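A.B. asks: output the structure for:
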Amino acid sequence: MGTYQICTRCVMDTSDPEIVFDEDGVCNHCLHFDNVQAKQWFPGEAGKPKLAAILDTIREDGRGNEYDCIIGLSGGVDSSYLAVKLKEFNLRPLVVHVDAGWNSELAVSNIEKVVKHSNYDLHTHVMNWEEMRDLQLSYLKAGVANQDVPQDHAFFASMYHFSVKHRIKYILSGGNIATEAVFPTAWHHSAMDAINLKDIHRKYGARPMKDYRTISFSEYYFLYPFVRGMRTFLPLNFMAYDKEAALKYLSDVIGYRPYPRKHGESVFTKFFQNHYLPVRFGYDKRRPHLASLIVSGQMTRDEALRKLDEPLYDVDELELDIEYFCKKLRIPRREFDELMQAPIHHASDFKTWNGRQQFAKKMQRIVQRILGRSLNIYS
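C.D. replies: The predicted structure is shown next:
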């Protein structure tokens, strides 16, 4: 990793093995935001007509259908805020929640408040817990960084499957540049890579996946975008989206209650991000989150540094969460401790879709040259 260094503008540091700094000590994440993402982000007046055009297209294409779009609702601030705003936009979303067995009670309450306020149809897909448990144990045994893949892939797969079933063309996501601009790719591997997921499960799983549905490479890259014409939009990128303002809005309008920490809607994700990743890999997920708020102007660097000085976990809370974690996965504490000490692996140590993805991107560039325009339709 070399000498420890932290960006002079944000708070990303050399825990990202691919980070580079310019002569002023500014990192590549900040420069990428300035040169690329800022041009795709429209929080001011310029975003209003662009968003209006997108909403008009969704309404028109959905005419005569029961739903004109679909949105996944986790209970987090981003998806909850977007769901409530869609009601104001006069859209008719099918709201989908995937219950992977780790919902906090507060998340369930917040989801209920969003749905009741907006009078939405909520479809909750309850995962087969025995299969989910086996897959999550497989990931722990594999020792890869992104332990959220079993939940994330199930979430995205359910969205696509529900969209096909209900003939919905538009998937709306609460993802946004304002709070998620900084994303160190070295820390992750795509949650959509079913080839990787199945290989990890094949090596470490103990039972077949019969109910756990995946999305294949050909479906994700060709069938859904080209044959079915499905599109994913991120409306928050065309709005003045501020996390604290959104939280206050939700609190005032629907009685939404905030979580003690980021991703508090999922007990697993909270534990994974605040204990597993820092201990096993030295990754503090607060850094990219806070860095995103810095580059988007929602927080100063000094404020972010003070946040980083706060402990990731209260000692007593951590012990309670480890106890719950072990009980939920039905493993003894001794096995958990052994898993936390086992060798770590990169996702590329297993089969991946990388080769196919590179081929698809090459074909995309060829088509773009032929058409003379950008072709960017993937979610």
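A.B. asks: from here on, contacts and neighbour counts on C-alpha atoms
C.D. replies: Will do.
A.B. asks: can you give me the strands in the stretch 251-379 of the chain?
C.D. replies: Counting by DSSP state E, counting those that start in this stretch, the stretch 251-379 of the chain has no strands at all.
A.B. asks: shaky segments in it?
C.D. replies: By pLDDT under 70, the weakly predicted segments of the stretch 251-379 of the chain are 261-264, 373-379.
A.B. asks: all helices for it, in order.
C.D. replies: 267-271, 277-281, 286-295, 301-309, 315-329, 333-341, 354-371 (DSSP state H, counting those that start in this stretch).
A.B. asks: among these, which is nearest residue 180?
C.D. replies: helix 286-295 (5.6 Å; CA to CA).
A.B. asks: still on that earlier bit, turn the helices of the stretch 251-379 of the chain into JSON lines, columns for distance to residue 178 and mean neighbour count.
C.D. replies: Below are these laid out as JSON lines (distance: least, CA to CA, whole Å; neighbours: other CA atoms under 10 Å):
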{"stretch": "helix 267-271", "distance to residue 178": "21", "mean neighbour count": "19"}
{"stretch": "helix 277-281", "distance to residue 178": "24", "mean neighbour count": "16"}
{"stretch": "helix 286-295", "distance to residue 178": "6", "mean neighbour count": "24"}
{"stretch": "helix 301-309", "distance to residue 178": "15", "mean neighbour count": "14"}
{"stretch": "helix 315-329", "distance to residue 178": "30", "mean neighbour count": "13"}
{"stretch": "helix 333-341", "distance to residue 178": "33", "mean neighbour count": "13"}
{"stretch": "helix 354-371", "distance to residue 178": "26", "mean neighbour count": "13"}
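A.B. asks: indicate which one of the ones you listed is closest to residue 31.
C.D. replies: The nearest among the helices of the stretch 251-379 of the chain, by CA to CA, is helix 286-295 at 9.7 Å.
A.B. asks: mind listing what's buried in stretch 32-52?
C.D. replies: 33, 37, 38, 41, 42, 43, 47, 51 (16 or more other CA atoms under 10 Å).
A.B. asks: what's the burial count for the closest residue in space to residue 147 that isn't next to it in sequence?
C.D. replies: Distance criterion CA to CA, 6 or more residues apart in numbering; nearest residue to residue 147, sequence neighbours excluded, is residue 139 at 6.2 Å. Per other CA atoms under 10 Å, the neighbour tally for residue 139 reads 22.
A.B. asks: give the contact list for residue 139.
C.D. replies: Counting by CA atoms under 8 Å, 6 or more residues apart in numbering, residue 139 touches 147, 200, 201, 204.
A.B. asks: which among the buried residues of stretch 32-52 gets closest to residue 66?
C.D. replies: Distances from residue 66 to these, taken by CA to CA, are shortest for residue 51, at 22.1 Å.
A.B. asks: what about the helices in the stretch 101-250 of the chain?
C.D. replies: 105-118, 129-142, 149-165, 177-180, 194-204, 217-218, 243-254.
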